[in-house]
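Engineer: I'll drop the sequence and a predicted model, then ask my questions.
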2 protein chains.
Amino acid sequence: MFNEELLVKGELAKEAAVCLAALSTVLKDQALLAMASALEEQEELILTANEQDVLVAKKQGMSTALLDRLTLTAARIKDMAEGLRAIAALQDPVGQVEEMWKGAQDIEIGRVRVPLGVIGIIYEARPNVTADAAGLCLKSGNAVILKGGSDALHSNKAITKVIAEAAENVGLPKGSIQLIENTSREVVSQLMKMNEYLDVLIPRGGAGLIRSVIQNATVPVIQTGIGNCHVYVDSEADLKMAEEIVLNAKIQRPGVCNALETLLVHEKVASEFLPQVAARLLELGVELRGDAVTQELVPQAKAASEEDYKTEFLDLVLAVKVVGSLDEAIKHIRCYGTQHSEAIVTESYSKARIFLQSIDAAAVYVNASTRFTDGFQFGYGAEIGISTQKLHARGPMGLKELTTIKHIIYGQGQVRK
Amino acid sequence: MFNEELLVKGELAKEAAVCLAALSTVLKDQALLAMASALEEQEELILTANEQDVLVAKKQGMSTALLDRLTLTAARIKDMAEGLRAIAALQDPVGQVEEMWKGAQDIEIGRVRVPLGVIGIIYEARPNVTADAAGLCLKSGNAVILKGGSDALHSNKAITKVIAEAAENVGLPKGSIQLIENTSREVVSQLMKMNEYLDVLIPRGGAGLIRSVIQNATVPVIQTGIGNCHVYVDSEADLKMAEEIVLNAKIQRPGVCNALETLLVHEKVASEFLPQVAARLLELGVELRGDAVTQELVPQAKAASEEDYKTEFLDLVLAVKVVGSLDEAIKHIRCYGTQHSEAIVTESYSKARIFLQSIDAAAVYVNASTRFTDGFQFGYGAEIGISTQKLHARGPMGLKELTTIKHIIYGQGQVRK
């Protein structure tokens, strides 16, 4: 049997979803704007709750990086509100007819975008995900059940209370936005099996969280975010361009999934390219771990282990390998990559084509930084995560990826022969 | 640890998938035509193997219906061959660019259709699925691992041998089409957890099989086929049209997932409509199970239980209920339906619109038989199954649904700011 809180909230979400699916865009946008204003108006309440979380986290010795993610400020609350306003300004995907055609006996068949229903989001330390995910789910007509990390429970409760109340006051059904307050393992594990109540589960967080959801969920999962990304600098690369791309992909924000983790360099240009790019990387504090050839060319580089090529460092560490051919680079990526974002730098038309065709990943780049794999950079105006699976959605997911389709069929009495 | 057969075949499939993804349409079509010819040429081998299965099945007392599904004939083998030729004639989805647009800093982003990779198909008694599923997976550039029922093992082995050899002779990689020969529960359960080797699992069969796959698989699943379908005859229906639709939906092929299981009739037309349609249904051997009002109007109807409204009979049985309003019909469908195919018969514009908007199902019909929910009737030219889930695919799945997309990005040195 399911935990009482899960059951009550599951039922409520299911009912709300029926109503949300039919809601007008105008009303959904009014709710989003009301939620945004409420966040700003009730800033004090949220900051006070967040202080509680931060205090406990400090006592428990949370790392500085995580503490930073957990901590809310007036500016961050303002950002959350602006995020909701931006979602309100986006086009509503619900009701869009993607195609309409004639089937057997001239029945008219259309594919209409409809909400998924009830979306479960399991996430970790950052409390701003609460407002962001709720806003995206609401705009796409879905009810949402949020399960944040226990570290951020007070913050998440405060934010959920503020936005859920604001949405209800505008006329949205109770149960549109709910937070699971019991964060015990047992309850989370039950949540992953609530097939009758949840249409999809989206885990947002580290590799451990995602693995656990995939292993335990019976509810369909959209896997997000693990990115062991490569840049391959070809023998025919514009080396100046390659340098800027490598630096950007590694340095601009090293802690995210589309950041560069392993640099592959063709042996013909290694002696010219590697010392030059290494000097800049080292100066910016990047630790280099390379194969024997790399170590010869860059004495500061440590030796790379097999494990290093498998690792998503999410940090100022870069694995480096010199390869003999494009083919070797492709094989390396196929072996170690996580099918997230992979780039080649080359001026060769043929090699660009081979790379684009041979690499199987959510995003394959020619002559651009892997850092562009992002809903905002792609022009979606929003992002609920980056799917690294092949079913349903692949790559950055915007509002459309939070919907499904149904077929509507117009007949005039046709029966099957 | 995985069973040896699974590991060997999994590795082989993974390697084959890389090659298949890059294969030309011409070569894939040649392979399909060669497979078709081989089936016809080696008819004897297949029929002999099938006789073994049929003999054992008869001894074990298999039902006539299942025996019929299991039994192959020269004509059925010819049909399998024609099926493969029809797949060869379809458009190749791989390589189609669905959209191309400019993202941040004018990077050019395209969405290209690519194969899923390795597809696992778990199915039951019908050996013709072996050729059909293999053909669809191959045309869409996927490697396939087939796991048929133990009842059809000899037949499936023979068919797989014939078509896999034919494909290899044309130049397709070894491992493109493989059958798991160990049909023990333990091995099947392991197959469902081979995330490293399988990109998706598609169960084709009864409710028990599908439930077991959903409960046990960690590999992403596409749920197919359970259909508790309704026709609602509205107070403003053309009753003659309604009669033909109800008869077609119930009778034309009662054993399939898009057949009618519960008839809902508005009370205003029940006394005119029900006796008339019931007479024809009863004459055709349909058992009726109705609520009190139905039983009054149709004395031959047995009493319907709560369970009857939940049941996908897949047989000449029809549950009937008289409802007071469109709203009551919608609520009944929401409560008992399986989101497969639902129909309204009405001449009312407003009620048609309300039904189309309110019913959440793979296919929602106005004035047509639910029997049209089918890849061939929809014009896809093929069908791997009918998805009743919301992720990835919903409704009939053709070749396109056996692919995913990747983003290809053309830049000229852009880096993220």
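Structural biologist: Sure thing, it's come through.
Engineer: Stretch A:129-146 vs chain B: in contact?
Structural biologist: No: with CB under 8 Å from any CB of the partner chain as the measure, stretch A:129-146 is seen stopping short of chain B, the closest distance being 10.6 Å. No exception for glycine: its C-beta is placed from N, CA and C like everyone else's.
Engineer: Now do the buried residues in that stretch.
Structural biologist: Neighbour counts using 16 or more other CB atoms under 10 Å in any protein chain shown place A:129-146 of stretch A:129-146 among the buried residues.
Engineer: report the longest strand in chain A, please.
Structural biologist: In chain A, ranked by residue count with DSSP state E as the criterion, the top strand is strand A:403-414.
Engineer: quick one: contacts for the residue of the stretch 101-250 of chain A found nearest chain B?
Structural biologist: In the stretch 101-250 of chain A, the residue that lies nearest chain B is A:Asn248 (3.5 Å; CB to the nearest CB). Contact analysis of A:Asn248 by CB atoms under 8 Å, 6 or more residues apart in numbering or on different chains lists A:369, A:371, B:415-416.
Engineer: Please identify which pair of the residues you listed lies farthest apart.
Structural biologist: Across these, no pair lies farther apart than A:Arg371 and B:Val415, at 7.3 Å, counting by CB to CB.
Engineer: more crowded one of the two?
Structural biologist: The residue with more neighbours, out of A:Arg371 and B:Val415 and counting by other CB atoms under 10 Å in any protein chain shown, is A:Arg371; that gives 27 against 19.
Engineer: so where does the closest residue to A:Thr130 other than its chain neighbours fall, helix or strand?
Structural biologist: Nearest-residue entry for A:Thr130: A:Ile159, 4.5 Å, with adjacent residues in sequence omitted and distances by CB to CB, 6 or more residues apart in numbering or on different chains. Counting by DSSP states H and E, the element that carries A:Ile159 is helix A:153-170.
Engineer: so what sits against both of A:Arg371 and B:Val415?
Structural biologist: Taking CB under 8 Å, 6+ apart as the contact rule, A:Arg371 and B:Val415 both touch A:248-249, A:252.
Engineer: Generate CSV for those, with secondary structure as supplementary columns.
Structural biologist: Compiled in CSV, these are given as follows (DSSP: H, G, I helix; E, B strand; the rest coil):
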residue, secondary structure
A:Asn248, helix
A:Ala249, helix
A:Gln252, coil
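Engineer: ok, of the residues you listed, which one's closest to A:Ala329?
Structural biologist: For the shared contacts of A:Arg371 and B:Val415, the residue nearest A:Ala329 by CB to CB is A:Ala249; the value is 15.4 Å.
Engineer: My reading is that A:Gly120 is in a strand; is that accurate?
Structural biologist: Yes: secondary structure of A:Gly120, determined by three-state DSSP: located in a strand.
Engineer: Tell me which residues touch it, please.
Structural biologist: For A:Gly120, the set of contacting residues under the criterion of CB under 8 Å, 6+ apart consists of A:144-145, A:147, A:191-192, A:194, A:198, A:200-202, A:219.
Engineer: can you list the residues of the stretch 251-400 of chain A near chain B?
Structural biologist: Taking CB under 8 Å from any CB as the criterion, the contact residues of the stretch 251-400 of chain A with chain B come out as A:252, A:334, A:356-358, A:360-369, A:371-373, A:376-379, A:389-392, A:394-395.
Engineer: Just these: which are in helices?
Structural biologist: With helices defined by DSSP state H, the entries of those inside them are A:334, A:356-358.
Engineer: Of these, which is the nearest to chain B?
Structural biologist: For those, the closest approach to chain B (CB to the nearest CB) belongs to A:Leu356, at 5.0 Å.
Engineer: The closest one contacts A:Val366, doesn't it?
Structural biologist: Yes: A:Leu356 is in contact with A:Val366 according to CB atoms under 8 Å; the separation is 6.6 Å.
Engineer: Those two: who's more crowded?
Structural biologist: Between A:Leu356 and A:Val366, A:Val366 has the larger neighbour count (other CB under 10 Å), namely 24 against 19.
Engineer: and the longest strand of chain A, does that touch chain B?
Structural biologist: Yes: contact between strand A:403-414 and chain B, assessed by CB under 8 Å from any CB, occurs at A:404-414.
Engineer: Check stretch A:205-225 too.
Structural biologist: Yes: where contact is defined by CB under 8 Å from any CB, part of stretch A:205-225 touches chain B, namely A:214-215, A:218, A:220-222.
Engineer: Next, the distance between the ends of that stretch.
Structural biologist: Its first and final residues considered, stretch A:205-225 spans 8 Å by CA to CA, to the nearest Å.
Engineer: what distance separates it from the middle of the whole chain?
Structural biologist: Distance of stretch A:205-225 from its chain centroid, counting by CA atoms, centre = their mean, to the nearest Å, is 12 Å.
Engineer: what sits up against that stretch?
Structural biologist: Here stretch A:205-225 makes contact (CB under 8 Å, 6+ apart) with A:120, A:122-124, A:149, A:189, A:192-195, A:198-204, A:226, A:257, A:312, A:385-389, A:392-393, A:397, A:401, B:195, B:214-215, B:218, B:220-221, B:389-391.
Engineer: Pull out the buried residues from it.
Structural biologist: Judged by neighbour count (16+ other CB under 10 Å), stretch A:205-225 contains these buried residues: A:205, A:209-210, A:212-214, A:216-225.
Engineer: Buried residues of the helix or strand that contains A:Lys351, list them for me.
Structural biologist: Secondary-structure element containing A:Lys351, defined by DSSP H and E: helix A:349-358. Neighbour-count burial for helix A:349-358, with 16+ other CB under 10 Å as criterion, is recorded at A:351-352, A:354-358.
Engineer: what is the orientation angle of it with strand B:403-414?
Structural biologist: An angle of 140 degrees separates the directions of helix A:349-358 and strand B:403-414 when computed by axes from the mean of the first three to the mean of the last three CA atoms, to 10 degrees.
Engineer: For chain B, see how far away the residue most central in space within chain A is.
Structural biologist: What sits nearest the mean C-alpha location of chain A, by CA atoms, centre = their mean, is A:Gly385, with 1.8 Å. Computed as CB to the nearest CB, to the nearest Å, the A:Gly385 to chain B distance reads 14 Å.
Engineer: Not counting its neighbours along the chain, what's nearest that residue?
Structural biologist: Nearest residue to A:Gly385, sequence neighbours excluded (CB to CB, 6+ apart): A:Thr224, at 3.7 Å.
Engineer: what's the one you found sitting at in phi/psi?
Structural biologist: phi -120, psi 150 (degrees, to the nearest 10).
Engineer: Kindly report the same for A:Ile359.
Structural biologist: A:Ile359 adopts backbone torsions of phi -90, psi 130, taken as degrees, to the nearest 10.
Engineer: Next step: the residues of stretch A:205-225 next to chain B restricted to helices.
Structural biologist: Those of the residues of stretch A:205-225 next to chain B mapping onto helices are A:214-215, per DSSP H.
Engineer: Mind putting the residues of stretch A:205-225 next to chain B into TSV with distance to A:Ala319 and pLDDT?
Structural biologist: As requested, the residues of stretch A:205-225 next to chain B are arranged in TSV below (distance: CB to CB, whole Å; pLDDT from 0 to 100):
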residue	distance to A:Ala319	pLDDT
A:Ile214	25	90
A:Gln215	27	90
A:Thr218	36	93
A:Pro220	34	92
A:Val221	29	93
A:Ile222	28	93
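Engineer: and which of the residues of stretch A:205-225 next to chain B is nearest to A:Ala164?
Structural biologist: A:Ile222 (23.5 Å).
Engineer: Which stretches in the stretch 251-400 of chain A count as strands?
Structural biologist: Assigned strands in the stretch 251-400 of chain A, in chain order: A:260-266, A:287-290, A:302-303, A:317-323, A:341-345, A:363-368, A:385-387, A:395-397 (criterion: DSSP state E, counting those that start in this stretch).
Engineer: Which other helices and strands does the third one contact?
Structural biologist: Secondary-structure packing of strand A:302-303 (3 or more CB pairs under 8 Å, 6 or more residues apart in numbering or on different chains; DSSP states H and E): strand A:287-290, helix A:292-297.
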